[in-house]
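> The sequence isn't on hand, but the structure is:
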């Protein structure tokens with residue numbers, strides 16, 4: 001048999017062969033060499049492969065090179081048994097200019113030679129048991145069955161080169177594509193999820209002849225997947241918890257042939273099958289669910305076509321979801337606008353949470369409720385605000401995240417709607433006497449992707465149960481609430497950072513950055529109202545010496561104690577500033593120079609009599625301070641001149657012996673602002 005290289009490319013050829021059921025279990029590798037070359041001297045070249053068991057391929061191929069050359073030389077089909085009982089076939093054939101050898105491996109004999117496995121493990125420096133585990137999973141074939149598969153393969157190759165198989169595959173694919181296009185055109189007109197699923201089942205059942213088909217869609221209410229038979233299975237199936245399908249939910253699994261576990265068989269008692277192929281229904285990173293094809297014999301092209309269909313189904317489901325969301329948004333928009341104005345009026349985080357709880361309860365007609373907040377550890381929930389509950393009781397209730405109803409919602413991040421707390425399998429607890437009804441609604445509060453708390457609502461008016469409509473309405477409200485929470489937290493954070501930027505970290509007093517704007521504001525106000533304003537410049541005496549003698553930690557404590565003394569003496573309206581190092585600055589609005597001298601004297605005496613560690617070693621025998629005082633407008637009309645006057649007065653106090661107060665004198669020139 002001779003292959004035409006122009007019509008049959010190696011990889012295309014292997015893809016066609018893989019569609020044949022008898023050959024599907026083999027690794028296929030195609031080798032070639034020039035037809036006119038010496039097959040004993042010319043190196044083999046791999047020109048294509050489809051490998052589904054890499055370990056087996058690596059174990060076999062390295063030991064077949066000589067046998068491949070023999071098969072090419074004799075142009076004769078050959079069956080080989082290699083390490084540990086592995087079986088393979090070699091089928092040679094020719095093209096116009098090249099000779100080929102098709103190698104099939106990846107199956108084993110019934111018995112496994114343990115000694116050969118151990119020898120192989122030594123050469124590969126790996127664990128023999130790891131190799132053994134791989135071998136056990138391989139399909140089992142007899143020598144004769146492999147030989148028969150090879151002969152069947154040779155016949156298929158002959159058909160391919162004569163065009164029979166190509167025409168058959170072309171006709172089949174053409175029919176499938178035609179049916180797919182008609183069905184997808186019908187799908188565009190559908191308006192419900194149920195109709196889309198039904199059409200999907202008919203499409204797979206009729207065009208691909210898959211025996212049993214189900215579609216699982218995410219059930220947000222119950223935090224799992226609701227399974228519905230759409231072909232060859234009962235329509236009413238069951239629900240599967242999401243944690244039982246974590247290997248599917250965590251990653252979009254496509255065309256993965258998975259053996260049905262006992263757990264899944266227990267959840268799907270109406271399905272009698274050994275394995276299943278999953279195809280996700282995902283659009284815009286949103287997983288709606290998946291299509292499950294039970295005991296389906298998937299050919300090579302089938303997987304591609306099925307994936308094409310499931311992608312279109314997912315897009316249609318996304319379109320229907322967006323339509324529903326738009327309708328809901330339209331009906332809620334006016335209500336939410338009113339709520340937004342209410343929530344925006346909250347001036348603090350605490351007031352916002354109170355408004356949130358009251359509003360949420362009014363929206364769904366709940367008589368009782370609470371907002372539970374996650375603590376700083378992220379492990380516990382505590383009631384922050386409650387409605388219809390005893391406050392003392394509410395403050396004592398805590399729940400671990402992941403435990404109980406509220407804890408589960410905080411952990412999973414999904415809302416929970418319960419019709420009957422005693423009958424719902426997800427809850428199954430006895431109703432508390434303080435609740436009048438057994439229905440409840442629990443909604444997570446999120447800040448971006450992080451759950452920061454939950455809203456619990458119970459005792460719906462007229463003793464009715466909460467509905468899906470209540471949950472959808474509250475979900476939209478919770479989204480708005482999250483934005484309001486983020487806004488409030490951002491404002492508080494900004495306020496904190498703003499305060500931090502103008503506050504000295506050691507003493508808690510205002511810093512030098514804050515001083516200029518505030519003093520200029522006070523000067524402007526005093527100028528308008530024709531009132532006095534005085535400032536005090538204060539410097540601790542011999543503070544560098546104190547630091548050298550007592551250490552910087554003692555120096556920091558002395559600065560903190562000085563700040564405390566200042567804050568206890570001045571008025572609420574006065575502004576105390578740590579100017580830098582051991583210098584402090586005090587702004588005294590509506591204060592004449594004579595009054596400022598009295599304030600400075602009180603401060604001087606308090607510092608003088610305060611006990612500071614190691615102060616007896618200072619030149620004056622104790623830690624003291626020197627003061628300079630200046631007043632507007634007599635000592636200066638501007639920020640710069642007023643500061644300069646007080647600064648000069650303070651330096652005169654230092655020069656005259658320290659631990660004293662010196663009033664400023666009017667100045668005509670001022671230092672450059674950049675020196676302040």
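Structure received. Since we're looking at a predicted model, the values are computed, not measured.
> tell me the domain ranges of the protein?
What automatic domain parsing lists as the domains of the chain is 2-162, 169-323, 345-492, 512-675.
> Dump those domains into a markdown table; add mean neighbour count, distance to residue 503 and mean pLDDT as well.
C-betas here are computed from N, CA, C, even on glycine. A markdown table is the format used below for these (neighbours: other CB atoms under 10 Å; distance: least, CB to CB, whole Å; pLDDT from 0 to 100):
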| stretch | mean neighbour count | distance to residue 503 | mean pLDDT |
| --- | --- | --- | --- |
| domain 2-162 | 16 | 63 | 78 |
| domain 169-323 | 17 | 44 | 78 |
| domain 345-492 | 17 | 16 | 79 |
| domain 512-675 | 18 | 8 | 89 |
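> wait, which of these is closest to residue 506?
domain 512-675 (6.0 Å; CB to CB).
> How about residue 513, nearest residue that isn't a chain neighbour?
residue 502 (5.6 Å; CB to CB, 6 or more residues apart in numbering).
> any chance you could map the helices in the stretch 301-450 of the chain?
For the stretch 301-450 of the chain, applying DSSP state H, counting those that start in this stretch gives helices covering 349-364, 391-396, 404-412.
> quick one: residue 205 from residue 455, how far?
45 Å (CB to CB, to the nearest Å).
> possible to save the helices of the stretch 301-450 of the chain as JSON lines with distance to residue 174?
Below are the helices of the stretch 301-450 of the chain laid out as JSON lines (distance: least, CB to CB, whole Å):
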{"stretch": "helix 349-364", "distance to residue 174": "56"}
{"stretch": "helix 391-396", "distance to residue 174": "70"}
{"stretch": "helix 404-412", "distance to residue 174": "47"}
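> what's the closest of those helices to residue 473?
helix 349-364 (6.0 Å).
> If you count contacts, what does the closest one end up packed against?
Using 3 or more CB pairs under 8 Å, 6 or more residues apart in numbering; DSSP states H and E as the contact test, the elements touching helix 349-364 are helix 300-344, strand 366-374, strand 380-387, strand 440-447, strand 450-460, helix 468-501.
> tilt between the third one and helix 404-412?
Angle between the axes of strand 380-387 and helix 404-412 is 120 degrees (criterion: axes from the mean of the first three to the mean of the last three CA atoms, to 10 degrees).
> Give me the contacts around strand 380-387.
Applying CB atoms under 8 Å, 6 or more residues apart in numbering, the set of residues contacting strand 380-387 from outside is 350, 353-354, 357-358, 361, 366-375, 389, 394-395, 397-401, 406-407, 410, 453-454.
> How many residues are close by the residue nearest to residue 514 when sequence neighbours are not counted?
Nearest residue to residue 514, sequence neighbours excluded (CB to CB, 6+ apart): residue 502, at 3.7 Å. The number of residues packed near residue 502 is 16, by other CB atoms under 10 Å.
> which residue is nearest the middle of this protein?
With distances taken as CA atoms, centre = their mean, the residue of the chain nearest its centroid is residue 449 (6.5 Å).
> before we move on, back to that, quick one: which of the helices of the stretch 301-450 of the chain is nearest residue 262?
helix 404-412 (25.0 Å).
> chain center to that closest one, what's the gap?
Centroid separation for helix 404-412 versus its chain: 18 Å, with CA atoms, centre = their mean, to the nearest Å.
> how many degrees apart are that helix and strand 450-460 in direction?
Using the same axes, to 10 degrees: helix 404-412 against strand 450-460 is 150 degrees.
> helices or strands up against helix 404-412?
Under the contact rule (3+ CB pairs under 8 Å, 6+ apart), helix 404-412 is packed against strand 366-374, strand 380-387, strand 398-400, strand 416-418, strand 440-447, strand 450-460.
> Please dump these into a markdown table; it should also carry distance to residue 539 for every row.
Conversion of the helices and strands packed on helix 404-412 to a markdown table gives the following (distance: least, CB to CB, whole Å):
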| stretch | distance to residue 539 |
| --- | --- |
| strand 366-374 | 47 |
| strand 380-387 | 48 |
| strand 398-400 | 52 |
| strand 416-418 | 64 |
| strand 440-447 | 47 |
| strand 450-460 | 48 |
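> Out of the ones you listed, flag the one nearest residue 68.
strand 450-460 (59.7 Å).
> For the closest one, which strands pair with it and how are they oriented?
Looking at strand 450-460 with DSSP bridges, its partner strands are strand 366-374 (antiparallel), strand 440-447 (antiparallel).
> Redo the ones you listed as JSON lines? Include distance to residue 174.
Output for the strands paired with strand 450-460, formatted as JSON lines (distance: least, CB to CB, whole Å):
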{"stretch": "strand 366-374", "distance to residue 174": "59"}
{"stretch": "strand 440-447", "distance to residue 174": "50"}
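> for those strands, which one sits closest to residue 270?
Nearest of the strands paired with strand 450-460 to residue 270, taken as CB to CB: strand 440-447 at 31.8 Å.
> which residues touch residue 425?
Contacts of residue 425 (CB under 8 Å, 6+ apart): none.
> quick one: it and residue 239, what's the gap?
10 Å.
> try residue 439
Distance from residue 439 to residue 239, by CB to CB: 20 Å.
> backbone phi and psi for the residue nearest to the centre of the chain, please?
Here the main-chain torsion angles of residue 449 (degrees, to the nearest 10) amount to phi -100, psi 0.
> Double-check residue 445 against residue 475; I have them as touching.
No: contact status for residue 445 versus residue 475: not in contact, 11.5 Å apart, counting by CB atoms under 8 Å.
> Which parts of the stretch 51-200 of the chain are helices?
Under DSSP H, counting those that start in this stretch, the stretch 51-200 of the chain gives helices at 54-61, 65-74, 114-124, 128-136, 143-162, 164-187, 193-207.
> Nearest to residue 47, out of those?
Nearest of the helices of the stretch 51-200 of the chain (CB to CB): helix 65-74, 12.8 Å.
> contacting residues around that closest one?
Contacts for helix 65-74 (CB under 8 Å, 6+ apart): 31, 33, 39-40, 44, 77-78, 80, 90-92, 99, 101, 103.
> Many thanks, have a good one.
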